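A.B. asks: turn this into a structure:
(4 chains)
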4 protein chains.
Amino acid sequence: MKMVPKLGLADVRVMVAAAEREAKRIGVDMDIAVCDDGGNLLMFVRMDEARVSSIQIAIDKAFTAACARRSTRDYAASAAPGQPAFGIHASHQGRFAIFPGGLPISVGGHVVGGIGCSSGHPDQDEAVAWAGLNALAAVAP
Amino acid sequence: MKMVPKLGLADVRVMVAAAEREAKRIGVDMDIAVCDDGGNLLMFVRMDEARVSSIQIAIDKAFTAACARRSTRDYAASAAPGQPAFGIHASHQGRFAIFPGGLPISVGGHVVGGIGCSSGHPDQDEAVAWAGLNALAAVAP
Amino acid sequence: MKMVPKLGLADVRVMVAAAEREAKRIGVDMDIAVCDDGGNLLMFVRMDEARVSSIQIAIDKAFTAACARRSTRDYAASAAPGQPAFGIHASHQGRFAIFPGGLPISVGGHVVGGIGCSSGHPDQDEAVAWAGLNALAAVAP
Amino acid sequence: MKMVPKLGLADVRVMVAAAEREAKRIGVDMDIAVCDDGGNLLMFVRMDEARVSSIQIAIDKAFTAACARRSTRDYAASAAPGQPAFGIHASHQGRFAIFPGGLPISVGGHVVGGIGCSSGHPDQDEAVAWAGLNALAAVAP
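C.D. replies: Numbers count the residues shown, from 1 in each chain, chains lettered A, B, ... in the order given. Predicted coordinates:
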């Protein structure tokens, strides 16, 4: 039977801590979520000034990136009106996120989860998610 | 631990009464909702001719404005097709309102809740919500 | 075509004010909801110390009493394990309330809505709902 | 306007860390959730061997304890068949938890949130939640 890598809580903490540091550095408190390859939540942190409405959105971005194995930014194009995936944002009871801030987490070519950030401009959200990915790559290359 | 202001029912009544008066003045019966900073309902009034389909929309506008800490009007631009937040209206099982009529309620620089109005043209809805905000500012500046 | 009575906001205010007075008299702040004969919300008030988890329950009690045209207390017996309606509490996505505190509002033999109260012991909730019904009967006999 | 205390992320981390330590001590990996007084998530951690099905249950226990301002254990009695609150577990789309493991977080007489733990026997879940409460009391008495 095939062996696949699996995120542990220690890995996830590295990602979340790095994302928090980046959020602090740019001055935007964020909601930060990491889920596994099944879209199930591993860790969530709400920074003090992060938006309440971004809790679910951060979790949804992590879910979408992990389960679709793509950056949520990629869907901005394909899910736009007139494009092939238009309407997909309403799937999963509205949990399918199609704006930047959700990134798949890959280890050795396998998607092992997703990280989602929300509360700032979508470009900021994505930069904070990248900080999490980069930190994991530094410890689990 | 940080201390934050909290809306009481007496404050909320002032807002709802002023919103009702403004709705009557412009001749459009409305659904009027006020929620706290966690998006939980504090008070709701359906004026006699307000729309049944606007009950949930008024509540959703209050929820969105409180939890995103922005006027729902602001999302009309950023959530339009081709814009960074397109698709966000489907989040929270469709409860994220992206048209005018929901305003955050701020006291001393803190968002303590949201007011949402619905049944008229979105500009009318927002004018009625403003009447509520202004009445609160007059008693709790 | 048949004519049916319809609750106006003025009637609803009489009920909610009386329910609030009774809640204050017994010293238990409550969530108080009134809906119309279609189960759609007419008015809601959260007293200052009422429970956040009782917001939805008060609304659900009003909905159930109005639409089933029975006191929610009546379902405690028929929806008990082994009884004919066991399981009905899970219908309507869990909105069907089967414990005391929701009463149908009748005018001239017609059910025109429901009132639901929550935050205390179910017997207290029901007493507060009765105060609302009695106040309406005094002005619209 | 009334001022109330509000949990910050630093407080929440103290609670979650203590809950994790207690879970390790008893040898049962847990899902641990903390939410604010509006039932909105502040932090969530899934320990490596915690159950996937307990993610939502831990979050629901935190939600229920915070919003009902009672231990979820208290509902085991009042929500049993034949008791006054039977059926309440189906409210809030099934999110109302009526078994041990969710505790309200009180500071200076105010409920500021809830902590919920799940994956073990309900008594174990509750013991781990208590470890979180005790740790907060030690730093914010």
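A.B. asks: could you look up the SS state of A:Arg51?
C.D. replies: The three-state label given to A:Arg51 by DSSP: H, G, I helix; E, B strand; the rest coil is coil.
A.B. asks: where exactly do the helices run in chain A?
C.D. replies: Taking DSSP state H, the helices of chain A run over residues A:9-26, A:53-68, A:72-78, A:91-94, A:122-139.
A.B. asks: what about the residue of chain A found nearest chain D, distance to B:Ala85?
C.D. replies: When scored by C-beta to the nearest C-beta, chain A has A:Phe44 as its residue closest to chain D, at 4.1 Å. The C-beta positions use only the backbone N, C-alpha and C, and glycine is treated the same way. Distance of A:Phe44 to B:Ala85, computed by C-beta to C-beta, to the nearest Å: 21 Å.
A.B. asks: how about A:Pro104?
C.D. replies: Separation of A:Pro104 from B:Ala85 (C-beta to C-beta): 21 Å.
A.B. asks: I'd say A:Arg46 and D:Gly8 touch.
C.D. replies: No. Look at A:Arg46 against D:Gly8 with C-beta atoms under 8 Å: they stay out of range, at 10.1 Å.
A.B. asks: what comes up buried for the strand ranked longest in chain A?
C.D. replies: In chain A, with assignment by DSSP state E, the single longest strand is strand A:110-118. Within strand A:110-118, the residues scored as buried using 16 or more other C-beta atoms under 10 Å in any protein chain shown are A:110-118.
A.B. asks: residue ranges with poor pLDDT in chain A?
C.D. replies: Filtered on pLDDT under 70, chain A yields the residue ranges A:141.
A.B. asks: now it against chain C: closest residue?
C.D. replies: A:Gln93 (12.0 Å).
A.B. asks: list the contacts for that residue?
C.D. replies: By C-beta atoms under 8 Å, 6 or more residues apart in numbering or on different chains, A:Gln93 lies in contact with B:Gln93.
A.B. asks: repeat that for the one 3 residues further on.
C.D. replies: Neighbour list for A:Phe96: A:60, A:64, A:68, A:75, A:88-90, B:90 [criterion: C-beta under 8 Å, 6+ apart].
A.B. asks: same check on A:Ser53?
C.D. replies: Neighbours of A:Ser53 in contact, by C-beta under 8 Å, 6+ apart: B:39, B:63-64, B:67-68, B:91-92, B:96.
A.B. asks: hmm, try it at 7 Å
C.D. replies: Going by C-beta atoms under 7 Å, 6 or more residues apart in numbering or on different chains, A:Ser53 touches B:64, B:67-68, B:96.
A.B. asks: distance check, A:Leu136 against A:Val12.
C.D. replies: 9 Å.
A.B. asks: how about the residues of chain A near chain D?
C.D. replies: Residues of chain A lying close to chain D (C-beta under 7 Å from any C-beta of the partner chain) are A:8-9, A:40-48, A:52, A:55.
A.B. asks: tally of neighbours for A:Ala23?
C.D. replies: Residues lying near A:Ala23 (other C-beta atoms under 10 Å in any protein chain shown) number 26.
A.B. asks: give me the distance between the closest residue in space to A:Val45 that isn't next to it in sequence and C:Gln124.
C.D. replies: Leaving aside its chain neighbours, A:Val45 sits nearest to A:Ile32 (4.9 Å; criterion: C-beta to C-beta, 6 or more residues apart in numbering or on different chains). The gap separating A:Ile32 from C:Gln124 is 42 Å, by C-beta to C-beta.
A.B. asks: show me which pair in the contacts of A:Ser53 is furthest apart.
C.D. replies: B:Cys67 and B:Phe96 (8.9 Å; C-beta to C-beta).
A.B. asks: picking up where we left off before, the more surrounded of A:Phe44 and B:Ala85?
C.D. replies: Neighbour totals were compared for A:Phe44 and B:Ala85, and A:Phe44 leads with 25 against 22 (other C-beta under 10 Å).
A.B. asks: that older thread, the residue of chain A closest to chain D: what's it in contact with?
C.D. replies: A:33, A:59, D:41, D:43-44.
A.B. asks: also A:Ala62?
C.D. replies: A:33-35, A:102, A:114-116.
A.B. asks: try 10 Å
C.D. replies: A:Ala62 sits next to A:32-36, A:39-44, A:72, A:97, A:101-105, A:113-118, A:129 when contact means C-beta atoms under 10 Å, 6 or more residues apart in numbering or on different chains.
A.B. asks: same deal with A:Gly114?
C.D. replies: By C-beta under 10 Å, 6+ apart, the contact list for A:Gly114 reads A:33-37, A:39, A:42, A:59, A:61-72, A:97, A:102-105, A:129.
A.B. asks: what is in contact with A:Arg46 and D:Gly8 at once?
C.D. replies: Here A:Arg46 and D:Gly8 have D:Leu42 as joint contacts, going by C-beta under 10 Å, 6+ apart.
A.B. asks: is A:Gly113 in a bridge, and if so with what?
C.D. replies: When bridges are called by DSSP bridges, A:Gly113 pairs up with A:Asp36, A:Ile105.
A.B. asks: what sits against it?
C.D. replies: By C-beta under 10 Å, 6+ apart, the contact list for A:Gly113 reads A:5-7, A:11-12, A:15, A:34-42, A:62-63, A:65-67, A:103-107, A:136.
A.B. asks: would you write a PyMOL line that selects the buried entries of these?
C.D. replies: With 16+ other C-beta under 10 Å as the criterion, this PyMOL line picks the buried residues out of the contacts of A:Gly113:
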select buried, chain A and resi 5+7+11+12+15+34+35+36+37+39+40+41+42+62+63+65+66+67+103+104+105+107+136
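A.B. asks: stretch A:65-82 and chain B in contact?
C.D. replies: Yes. Judged by C-beta under 10 Å from any C-beta of the partner chain, stretch A:65-82 comes into contact with chain B at A:72-73, A:75-77, A:79-82.
A.B. asks: any idea which of those residues has the most stuff around it?
C.D. replies: Highest neighbour count within these, by other C-beta under 10 Å: A:Thr72, with 31 neighbours.
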